[in-house]
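Participant: fold the stuff below for me.
(chains A and B)
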Amino acid sequence: AQKVTQAQTEISVVEKEDVTLDCVYETRDTTYYLFWYKQPPSGELVFLIRRNSFDEQNEISGRYSWNFQKSTSSFNFTITASQVVDSAVYFCALISGGGADGLTFGKGTHLIIQP
Amino acid sequence: GAVVSQHPSRVICKSGTSVKIECRSLDFQATTMFWYRQFPKQSLMLMATSNEGSKATYEQGVEKDKFLINHASLTLSTLTVTSAHPEDSSFYICSARQGRFNSNQPQHFGDGTRLSIL
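Facilitator: Purely as a prediction, here's the structure:
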């Protein structure tokens, strides 16, 4: 069985602060993929990143960065210099093995950026 | 590229009505499509996996007679909520992927359907 835990239900910060969203995963498979999605109030899912289990390089995309650590089974997401438009629910997700099944999502972290 | 269109975006109907939701991949062939359900302020839960030309595989606890899934072509999957009741009110979202067992292929999500049963 696989599981994704996002322990932070809600985070509220003031604009321009840095914020890190935590994600811890569980899987017995050696091959797996981790994802982050953003869900704004309108409901659609916006794909942010995909990372495979064999690539532990951290990634930076503009103000977004991701820290993948297999030793702690974590795939944390940091937003630098947060903006009000970053306010949304962020989901971490996992798919493993042969990939016949759908994504296993965490419960999501509601990020509120206050002006 | 990789656009998934989901229609309708919002449905409000009376209890007992059957509702059909369409999920189309516009610019790629989707061998596999997935249907998720999301209750307010909760996570997305996989309902079923749909492979083109095959019967859908339902997750435990999902009634296959209640939620009919058809994936007749490589670009279209439909979810029909039969005899819908207020407890079926939810946000339904589909995703599509090229390849059946290719977990390295990303899933592309539709914009979701907000279903409200009165």
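
Participant: C-alpha from now on. contacts and neighbour counts both.
Facilitator: Fine.

Participant: the host helix or strand of B:Leu68: how far from the chain's middle?
Facilitator: In the assignment (DSSP states H and E), B:Leu68 maps to strand B:67-73. Strand B:67-73 has its C-alpha centroid displaced from the chain centroid by 9 Å (CA atoms, centre = their mean, to the nearest Å).

Participant: get me the contact residues on chain A for chain B.
Facilitator: A:32-33, A:43-45, A:50, A:52, A:91, A:95-108 (CA under 8 Å from any CA of the partner chain).

Participant: buried subset of those, written for ChimeraX?
Facilitator: In ChimeraX, this line selects whichever of the residues of chain A next to chain B come out buried by 16 or more other CA atoms under 10 Å in any protein chain shown:
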select /A:32,33,43,44,45,52,91,95,96,97,99,100,101,102,103,104,105,106,107,108
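
Participant: among the residues of chain A next to chain B, which ones are in strands?
Facilitator: The members of the residues of chain A next to chain B that map onto strands under DSSP state E are A:Tyr32, A:Tyr33, A:Arg50, A:Asn52, A:Phe91, A:Ile95, A:Ser96, A:Thr104, A:Phe105.

Participant: right, and A:Phe91 touches A:Thr104 too?
Facilitator: No - counting by CA atoms under 8 Å, A:Phe91 stays clear of A:Thr104, with 10.0 Å between them.

Participant: name the nearest residue to the residue nearest the centre of chain B, ignoring sequence neighbours.
Facilitator: Computing the C-alpha centroid of chain B and ranking residues by CA atoms, centre = their mean puts B:Trp35 first, at 3.4 Å. The shortest distance from B:Trp35 to any non-neighbouring residue, by CA to CA, 6 or more residues apart in numbering or on different chains, is to B:Cys94 (4.5 Å).

Participant: contacts only, for the residue nearest to B:Glu52 when sequence neighbours are not counted.
Facilitator: In space, and not counting its chain neighbours, B:Glu52 is closest to B:His71: 5.1 Å by CA to CA, 6+ apart. Going by CA atoms under 8 Å, 6 or more residues apart in numbering or on different chains, B:His71 touches B:Met33, B:Ser50, B:Asn51, B:Glu52, B:Gly53, B:Ser54, B:Ala56, B:Ser77, B:Thr78.
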